[in-house]
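Chemist: Okay, sequence plus prediction incoming.
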Amino acid sequence: MSSPRVKMNGFLITSAAIALMTGCVMTPPTSMPDPANEAPGDTAPHGDIPLPGDIALPGDSAPIPPDGAPPAPVTPPVGAPPASGGATSEFVSGASSIVARAGGPRTDKENVAPPIAQSTLLTWRDARGRERTMTLGAYLYQYDFTFSDGVNEVIRSANDDAWGHEGFGYVVSHNTQNGNSPLGKANAPTKIETTIFAGGHHAIYRVEMLYDRDKEAGGNGIKIPVVIEWMVATGRDHPIWAVNWKTGAAINPNNINFDAYRMDCRGPYGSLNFDGAADRNAGDAIGTISWGDFGRRFDTTDAMLTMQSPWIYNSFNRVPFVSATTFAVNAEMGIVRTLADDKEMGYSDRVVGRERGATSAVAFANRGDCTGFLDARAYTMPCVNGWPYQMMNFDWGVGSGKPLNEATGTKLLAWGTNYGWLGASSFNVFDYSATASGQGDRSYATFIVLGPKGRAAASGQPLDQPGDVALALRQVESLADATISNVTLGSVAAEAPRGPLSTQMRTLDNGYNDTYATHHLRAAADGVSFTFTPGAATAIRNPIFVIENFTSAKLPQVSVDGVAVAVNTDGNAGAFASLDAANQRLWLTLNRTVGGATAIRVAP
């Protein structure tokens, strides 16, 4: 293909039609949600309806013809030196390799981010061998991809002309002392680098910047170095977004005490038309929303989100996440943590001891009372200022003028932590069962998941099969619970950097590095031999292994359960390998679904 596929949404339900079908009206936000509208910091705890979406509609979707030759890469890839594996390296790019191309200029439609003269188009092939392309600068401007809804192929383009705060993948941080919470995209990057490792099947797009709190009043001169990485791999659908806030290197000229000026983190942050709408005014209404902490899951249970939507918050959950669907179009966007059982994720001050563990139909402490957030209104949903992850909730903020029973087309999706997570000597974990340090390099990673909210088992059937967020949650559980045993050559890696460009190390469990959702081993004589067993949640599709201490410039020999597999031969190869020669790392994706104990051997 010579350019990214673009889906034109031929189907649109107008706000008038929605009102007729649901008895509820939808208008654009009456005022733009303000990230500074968050209130108080962490204090002690208190005590499918099948609808026509974009399914084989005129001008919308159609069977996808076989892909042609990949687009010609720029030389070198944008923002990076050419991938290299040594003078006699066998790691060469092929038709299924990742490609970086120069894109056109981009501007921020809300005039916060500096314009860029050239973007980067990063294209990879997913688990079905289809191309996906992200248009990147300091953050994500557009995402083009395809998926199957169980019956048809759907071509979708998610652009940044969306209600909320345009573009996606930048950082935001609030604090407990004032309204200072500048959008991270206001800062020009200090460095952008694209690295496609030799062989071309694994790539990292890295953005370095100073998060300047003085972009808004109340910043006190504080500037914190931030490193953001987007990681993609052949055979993996969803990109990873990883961040490292280097609080130990923060510029703090006024010696502000971060135990008093308590900061949180809301990245990745922003808005994309994940329903494929051409612009914000053509977008679908938000349907359902969901989020999960380390132990419980929240879901709205009606067809279209308002502040009077019923909900449940008592189902079991392990992987922190946040997601939203659209009402009429079969679309969903989610942010899914790459690690299970992480108690540090999510803002818990309102919901713990109240909504969490309950439903909207039962009594719980302070039900309907949001006066602690200076909100005297009564409504069904959790308090606007108290959602664990920031979304489109501030459309209904105090003073917005938006009726509580009115739907929204805002596509804002973001993350959340408790105050103090960033920089404080101590902060409360989500359920207040312990405290943790917010100092040093502060890092986590997430899958950015765009796709269908559901799939049909057959033509004419409802969309009652799992969507991409549900599938990603199960994959993360199995990745995090996977074990490596029977190591007869090499060893399991015991530690890894805390996050992107971190010099501080952390311990790995069974070699699992959540920064890239990869399992790490150390080679002996450029080889490893081990048994990999997924967790119980589900089979793992195309697991990725990183082999440290790999010094060879030759493609490895790979066998699975004693049978040799082809490496880098084409899109149907048994394994995809890339070489990071500078750091002596072999990146290896097994091009198969692993459902049980599997013997893997890598040899020079």
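Modeler: Done, it's in.

Chemist: mind listing what the residue nearest in space to the middle of the chain touches?
Modeler: Nearest to the geometric centre of the chain sits I448, at 2.6 Å (C-alpha atoms, centre = their mean). Residues near I448 by C-beta atoms under 8 Å, 6 or more residues apart in numbering: 140, 168-169, 238-241, 268, 335. In this view, the C-beta of every residue, glycine as well, is placed from N, C-alpha and C.

Chemist: For it, pull up the helix or strand it's in.
Modeler: strand 441-451 (DSSP states H and E).

Chemist: Pull the distance from that strand to the chain's centre.
Modeler: Using C-alpha atoms, centre = their mean, to the nearest Å, the mean C-alpha position of strand 441-451 is found 4 Å from that of the whole chain.

Chemist: Beyond it, next helix or strand please.
Modeler: Taking DSSP H and E, what comes next after strand 441-451 is strand 454-455.

Chemist: how about the helices of the stretch 401-550 of the chain, start to end?
Modeler: 468-481 (DSSP state H, counting those that start in this stretch).

Chemist: just to revisit the earlier point, pull up the gap between the residue nearest to the centre of the chain and E332, please.
Modeler: 12 Å (C-beta to C-beta, to the nearest Å).

Chemist: What of V154?
Modeler: Taking C-beta to C-beta, one finds V154 at 12 Å from E332.

Chemist: any idea where the strands of the stretch 301-450 of the chain begin and end?
Modeler: 311-316, 321-326, 332-337, 412-413, 427-428, 435-436, 441-451 (DSSP state E, counting those that start in this stretch).

Chemist: Okay, now the sheet partners of the fifth one, with direction.
Modeler: Under the criterion DSSP bridges, strand 427-428 sits next to strand 435-436 (antiparallel) in its sheet.

Chemist: which residues make contact with the partner strand from outside it?
Modeler: 344, 426-429.

Chemist: let's see 10 Å
Modeler: 343-344, 418, 420-421, 424-429 (C-beta atoms under 10 Å, 6 or more residues apart in numbering).

Chemist: List only buried entries from these.
Modeler: Neighbour counting over the contacts of strand 435-436 (16 or more other C-beta atoms under 10 Å) leaves 343-344, 418, 420-421, 424, 427-429 as the buried ones.

Chemist: which pair in these spans the largest distance?
Modeler: K343 and A424 (15.8 Å; C-beta to C-beta).

Chemist: Burial check on S93, number of neighbours?
Modeler: 18 (other C-beta atoms under 10 Å).

Chemist: Name the SS class of it, please.
Modeler: coil (DSSP: H, G, I helix; E, B strand; the rest coil).

Chemist: quick one, what contacts the residue nearest to it when sequence neighbours are not counted?
Modeler: Leaving out its chain neighbours, the residue that sits closest to S93 by C-beta to C-beta, 6 or more residues apart in numbering is G200, at 3.6 Å. Contacts for G200 (C-beta under 10 Å, 6+ apart) come out as 70, 73, 77, 83, 91-100, 124, 234, 568, 576-578.

Chemist: Can you tell me which of these end up in strands?
Modeler: 99-100, 124, 576-578 (DSSP state E).

Chemist: From the residues you listed, keep the buried residues only.
Modeler: By 16+ other C-beta under 10 Å, the ones in strands among the contacts of G200 give 99-100, 124, 576-578 as buried.
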